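*Asks:* below are the sequence and a predicted model; questions follow.
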Amino acid sequence: SLSEEDWGVYKPEIGSGLKRVVEDSKYVVAVKPDTWCNVYGENITNPLCAEFTIDTSNGAGTVSVGVQL
């Protein structure tokens with residue numbers, strides 16, 4: 001399983017250093033850089049693409065992964 005420790009970016013703020021942030025959203029991961037994933041369509045049909053959702057609204061944070069094979 002993934003957590004915010006695995007997924008996030010550093011947001012620099014002047015005077016505060018680098019803060020690690022994780023934004024709630026749906027994400028798509030492709031196996032290769034040249035893999036085409038139709039992220040704007042209804043369904044992702046390419047088996048080399050996987051969609052997952054990050055939701056931190058409950059405090060602990062969850063990552064839901066839906067892999068289509």
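*Replies:* Sure, I can see it. No experiment lies behind these values; they were computed from the predicted model shown.
*Asks:* show me what the strand or helix carrying Lys26 is packed against.
*Replies:* Applying DSSP states H and E as the criterion places Lys26 in strand 25-30. Using 3 or more Cβ pairs under 8 Å, 6 or more residues apart in numbering; DSSP states H and E, the elements in contact with strand 25-30 are strand 49-55. From N, CA and C alone the C-beta is placed, and that goes for glycine too.
*Asks:* run the last query once more with 10 Å
*Replies:* strand 49-55, strand 62-67 (3 or more Cβ pairs under 10 Å, 6 or more residues apart in numbering; DSSP states H and E).
*Asks:* and the longest one, what's its mean pLDDT?
*Replies:* Per-residue pLDDT values over strand 49-55 give a mean of 84.
*Asks:* same question for the last one.
*Replies:* When pLDDT is averaged over strand 62-67, the result is 54.
*Asks:* stretch 31-39 now?
*Replies:* Here stretch 31-39 scores 89 as its mean pLDDT.
*Asks:* likewise for stretch 6-19?
*Replies:* Stretch 6-19 comes out at a mean pLDDT of 79.
*Asks:* now do the end-to-end distance for it.
*Replies:* 15 Å (Cα to Cα, to the nearest Å).
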